[in-house]
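Participant: Only the shape, not the letters, is given here:
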Ligand SMILES: Nc1ncnc2c1ncn2[C@@H]1O[C@H](COP(=O)(O)OP(=O)(O)OP(=O)(O)O)[C@@H](O)[C@H]1O
């Protein structure tokens with residue numbers, strides 16, 4: 001973002017001006033280098049950065065569960081591995097554990113302290129600023145995830161002590177002054193603080209000239225103007241020159257208080273506004289030839305509006321425009337990031353004030369760091385995943401950081417001197433009353449003329465303002481027409497591409513058709529062969545059938561023979577049984593006959609034995625007698 005003040009701008013302080021000549025350490029000062037850490041700096045070779053580009057650094061910070069969440073035991077679904085620079089979202093989809101892990105440049109878990117984040121991620125950026133780079137740090141995330149806590153942190157203590165929970169802004173301010181003082185540098189520092197709400201810019205440092213500042217119409221307009229060099233200027237933005245850290249803290253307090261008052265009076269919601277705090281530092285340097293040069297570095301600290309789904313945050317009716325506009329800024333930011341990542345042509349920076357303001361930080365010459373803040377709670381899982389996706393995509397944005405060109409000290413202070421001279425003369429004339437004296441009538445007449453002139457001028461200013469407005473409208477119309485033309489030519493390109501693709505696919509289809517015809521012919525050949533073999537098979541089937549029929553008649557005659565054989569066997573069985581019974585009868589008769597003959601023979605034997613015994617006894621008697 002490149003801002004500049006109008007003629008109305010006030011310059012305060014000035015004690016830090018670059019007029020007293022003394023030693024000014026160079027940007028290559030060793031002490032400054034030794035103090036560095038972190039890899040934001042590892043890309044500091046400006047030639048390399050310029051040619052190849054440097055990726056936007058993306059850091060994720062997860063806040064701890066708050067008291068309410070702890071009380072109701074809200075489940076934690078985010079785990080941070082700081083060493084591996086990973087954030088994992090634990091998801092349970094349809095009873096399946098599907099975790100998603102994202103890798104970032106740095107990861108800070110719920111236990112991380114403000115100091116840890118600052119020392120590791122932001123401190124190196126501050127050194128880059130003091131070397132002459134423009135750097136932007138922005139906090140992106142859902143409402144309540146700690147964007148403001150990270151950027152601003154806890155309030156300053158009443159005794160002026162630095163609080164341990166101070167955020168990036170106060171720490172950066174402190175570090176800048178510490179380094180400049182350690183280097184005994186001659187510098188000039190100015191700050192701006194603006195709020196972007198509902199696509200309208202409010203200068204948080206503007207003096208409260210009118211107590212009715214809540215009435216938008218009475219407010220001093222702060223408009224964005226093209227600077228003719230591709231950048232934008234914020235016309236009418238107050239630039240406060242500061243000399244000490246305390247001055248900046250007071251300015252911050254003042255700006256934040258104004259923001260809060262406006263919030264209350266206009267019923268604004270801080271979560272829907274973007275705030276941009278910028279510090280511009282001019283440091284005097286001496287070339288080896290002894291020439292005095294001025295280098296300039298700028299640090300933009302951006303606290304973006306809550307990234308949650310606007311419809312869910314209750315945007316309805318009267319607030320629809322407001323939500324729409326904020327959505328417009330964030331949506332455009334998303335679209336710019338997508339276009340840069342995909343390198344897909346026209347980048348819609350002009351579609352919102354936020355992207356116009358941050359143009360140089362996204363794909364430009366600025367070194368950019370995004371701090372994405374997330375909540376660990378299950379209730380925020382959807383938004384957390386969307387923040388992680390968004391941040392992960394932003395990692396691919398490439399910027400081409402360039403050190404701001406150094407200016408001759410003499411040229412820079414020449415203007416300042418002439419302004420001081422003019423002011424001195426005015427003061428002197430007033431103090432010494434040595435101005436021009438004129439008669440009262442003439443004075444009154446002059447005053448009346450002056451008044452008339454002033455009215456005329458006012459009229460002309462109003463006229464010119466409305467012309468400016470008209471011009472802006474016409475310019476916007478022209479730009480929108482230009483966008484339309486670009487869009488249309490993009491569409492034409494796309495259509496031509498599509499046509500080419502369609503022609504290519506038609507050629508592909510024709511080739512496929514040719515291949516299909518060849519395949520069909522091959523298939524037809526196979527089918528005719530199959531039909532032939534089918535015919536042969538049918539003939540063979542007929543032969544087999546007649547053979548089968550013959551076999552069947554053979555089998556039936558065989559069955560008839562078997563039947564006959566069974567009948568004969570049955571007859572044989574009857575005959576056998578008959579023969580068996582006759583044989584049994586015959587055998588019984590024979591048995592009886594044999595038994596009778598045996599009994600008869602036994603009788604005969606007994607008779608013969610008796611006869612023999614009687615014969616023997618007779619013989620014995622005979623022998624004895626003899
Ligand atoms: N890392 C952290 N450690 C401790 N407390 C935190 C941390 N981050 C946020 N908080 C606390 O959470 C609350 C919400 O934080 P904060 O207001 O910074 O959120 P935010 O993102 O800026 O919200 P909004 O978009 O509404 O402005 C605050 O009370 C803050 O103190």
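Facilitator: That came through, no problem. Computed from a predicted model, the values in this text were never measured in an experiment.
Participant: Tell me the residue of this protein that sits nearest the ligand?
Facilitator: Per C-beta to the nearest ligand atom, the residue of the chain with the smallest distance to the ligand is residue 146, at 2.5 Å. In short, each C-beta sits where N, CA and C put it, glycine included.
Participant: wait, what's in contact with that residue?
Facilitator: 61, 63, 373 (C-beta atoms under 8 Å, 6 or more residues apart in numbering).
Participant: Repeat the analysis, applying 10 Å as the threshold.
Facilitator: By C-beta atoms under 10 Å, 6 or more residues apart in numbering, the contact set of residue 146 is 61-64, 110, 139, 153, 167, 371, 373-375.
Participant: overlap between the residues you listed and the residues near the ligand?
Facilitator: 63-64, 373 (C-beta under 6 Å from any ligand atom).
Participant: Among those, name the buried ones.
Facilitator: Neighbour-count burial (16 or more other C-beta atoms under 10 Å) applied to those gives 63, 373.
Participant: measure residue 559 to residue 553 for me?
Facilitator: To residue 553, residue 559 is 11 Å away according to C-beta to C-beta, to the nearest Å.
Participant: okay, who's weakest in the contacts of residue 146 by pLDDT?
Facilitator: Lowest pLDDT of these: residue 153, 88.
Participant: Give the closest residue to that one in space, chain neighbours not counted.
Facilitator: residue 167 (2.9 Å; C-beta to C-beta, 6 or more residues apart in numbering).
Participant: helix or strand for residue 294, which one?
Facilitator: strand 292-303 (DSSP states H and E).
Participant: Show me what that strand pairs with in its sheet, parallel or antiparallel.
Facilitator: strand 134-141 (parallel), strand 274-286 (antiparallel), strand 407-408 (antiparallel) (DSSP bridges).
Participant: Could you single out the most deeply buried of these?
Facilitator: Ranked by mean neighbour count, these are led by strand 134-141 with a mean of 26 (mean count of other C-beta atoms under 10 Å).
Participant: quick one: stretch 294-305 near the ligand?
Facilitator: No. Using C-beta under 6 Å from any ligand atom, we find that stretch 294-305 stays clear of the ligand, coming within 6.5 Å at best.
Participant: and the host helix or strand of residue 128, what other elements does it pack with?
Facilitator: In the assignment (DSSP H and E), residue 128 maps to helix 123-131. Using 3 or more C-beta pairs under 10 Å, 6 or more residues apart in numbering; DSSP states H and E, the elements in contact with helix 123-131 are helix 30-34, strand 134-141, helix 168-182, strand 274-286, strand 292-303, strand 367-374.
Participant: got the residues of this protein near the ligand?
Facilitator: Residues of the chain lying near the ligand (C-beta under 6 Å from any ligand atom): 63-64, 66, 141, 143-149, 270-271, 306, 373.
Participant: Now, these that are in helices?
Facilitator: Secondary structure from DSSP state H places 147-149 of the residues of the chain next to the ligand in helices.
Participant: which one of the residues you listed has the most neighbours?
Facilitator: Ranked by neighbour count (other C-beta atoms under 10 Å), those have residue 147 at the top, with 29 neighbours.
Participant: What does the residue nearest to residue 153 show for phi and psi?
Facilitator: phi -90, psi -170 (degrees, to the nearest 10).
Participant: Tell me how many other residues crowd it.
Facilitator: 24.
Participant: ok, so what distance separates it from residue 515?
Facilitator: For residue 167, the distance to residue 515 - C-beta to C-beta - is 67 Å.
Participant: With residue 396 instead?
Facilitator: The gap separating residue 396 from residue 515 is 41 Å, by C-beta to C-beta.
Participant: neighbour count winner among those two?
Facilitator: residue 396 (15 against 10).
Participant: give me phi/psi at the more buried one?
Facilitator: Main-chain dihedrals, residue 396, degrees, to the nearest 10: phi -90, psi 0.
Participant: From what I see, the residue nearest to residue 153 and residue 174 are in contact.
Facilitator: No. With contact defined as C-beta atoms under 10 Å, residue 167 does not count as touching residue 174 (11.3 Å).
Participant: Spit out the residues that contact these two alike.
Facilitator: With C-beta under 10 Å, 6+ apart, residue 167 and residue 174 have common neighbours residue 118.
Participant: ok, which stretches of the stretch 101-250 of the chain are strands?
Facilitator: Secondary structure of the stretch 101-250 of the chain, counting by DSSP state E, counting those that start in this stretch: strands at 106-108, 134-141, 187-197, 200-203, 223-226, 232-235, 240-242.
Participant: Check the offset of the longest one from the chain's centre.
Facilitator: Going back to what we said before, that points to strand 187-197. Averaging C-alpha positions (C-alpha atoms, centre = their mean, to the nearest Å) puts strand 187-197 30 Å from its chain's average.
Participant: try the second one
Facilitator: Distance of strand 134-141 from its chain centroid, counting by C-alpha atoms, centre = their mean, is 16 Å.
Participant: Let me know the angle separating that strand from helix 168-182.
Facilitator: Computed by axes from the mean of the first three to the mean of the last three C-alpha atoms, to 10 degrees, the angle separating strand 134-141 from helix 168-182 equals 160 degrees.
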